[in-house]
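1. okay, here's the prediction I keep looking at, along with the sequence it came from:
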Amino acid sequence: MTVIDIPSALLTFSQVAIGLAGFSAILVALSGKPHQWTAVDAFRIRNILAFSFESVFLSLVPFVLTFFSLRAALVWQVSLWILALVTLGAVLQIFIGVYRMSRADRAVLKYLVISTVTAALLVMALIELLTALGWLHPASAIFFLGLVVLLGVSAVLVARFLFARPAD
């Protein structure tokens, strides 16, 4: 007997992610015109929105796969592969974003924060891949944890955007 209804938990998670995405969109709207953003602000905004919307859409993947009448184990396996690939893409997005910044703009970013975020995402992607291959269980829990990590990164970026501003 399960304590939590997994579909309800994923839908609730999706609603929380939509709330964070909406809040992030308000932050973006209030932060001025895009051509006035610093490179650091643009980097943070791009990642905030990416992680928020990834969390929303990825939380719906198991539902979409279920409509194809796949067995439960295959739904979670495919969902984890998709989540792992998106998570690895997010790491690549961070590296490319940091690489494209000037040295002065990179100096504004905290190395510890960037390192911790990318390490957490890489570890989570590895765990998701191991679970998709059947080496770890339960798949639904690992999937949900992966979503929480993505949304957590987005929340950290929102906090950094609000409170860790470069000096003008």
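-> On my side now, so go ahead. Numbering: from 1, shown residues only.

2. alpha carbons only for contacts and neighbour counts from here, please
-> Will do.

3. for residue 145, see how far away the residue lying closest to residue 161 once chain neighbours are set aside is.
-> If you skip the residues right next to it in sequence, residue 161 has residue 44 as its closest partner in space, 6.6 Å away by C-alpha to C-alpha, 6 or more residues apart in numbering. Distance of residue 44 to residue 145, computed by C-alpha to C-alpha, to the nearest Å: 23 Å.

4. and those two? which has more neighbours close in?
-> A direct count of neighbours by other C-alpha atoms under 10 Å for residue 44 and residue 145 places residue 44 higher, at 20 against 15.

5. remind me which helix or strand the more buried one belongs to.
-> For residue 44, the host element (DSSP states H and E) is helix 39-59.

6. what residues of that helix count as buried?
-> Residues 39-45, 47-56, 58-59 are the ones in helix 39-59 that count as buried (16 or more other C-alpha atoms under 10 Å).

7. read off the pLDDT value for residue 1.
-> For residue 1, the model assigns a pLDDT of 54.

8. heads up, I number from 30, so please use that
-> All set: I'll call the first residue 30, so the last point we hit is now residue 30.

9. which helix in the protein has the most residues?
-> Using DSSP state H, we find that the single longest helix of the chain is helix 101-129.

10. I'd like the distance between the residue nearest to the spatial centre of the chain and residue 104.
-> When C-alpha atoms, centre = their mean is applied to the chain, the residue found nearest the centroid is residue 179 (2.7 Å). From residue 179 over to residue 104 the distance is 20 Å, taken as C-alpha to C-alpha.

11. swap in residue 52?
-> As judged by C-alpha to C-alpha, residue 52 and residue 104 stand 31 Å apart.

12. higher neighbour count, these two?
-> A count of neighbours by other C-alpha under 10 Å puts residue 104 above the other of residue 52 and residue 104, at 21 against 15.

13. how many neighbours does residue 120 have?
-> Neighbour tally, residue 120, other C-alpha under 10 Å: 19.

14. host element of residue 159?
-> With DSSP H and E as criterion, residue 159 is part of helix 140-161.

15. sorry, back to before: you'd agree the residue nearest to the centre of the chain is up against residue 86?
-> No. Residue 179 lies out of contact with residue 86 (C-alpha atoms under 8 Å); the separation is 11.6 Å.

16. low-confidence regions, the protein specifically.
-> Applying pLDDT under 70 to the chain flags the ranges 30-32, 194-197.

17. quick one on the thing from earlier: give me the residues contacting the helix or strand hosting the residue nearest to the centre of the chain.
-> Element membership for residue 179, per DSSP H and E: helix 168-192. If you take C-alpha atoms under 8 Å, 6 or more residues apart in numbering as the criterion, helix 168-192 is touched by 35, 39, 46, 49, 53, 70, 73-74, 76-78, 80-81, 83-84, 87-88, 105-106, 108-109, 112, 116, 146, 149-150, 153-154, 156-157, 160-161.
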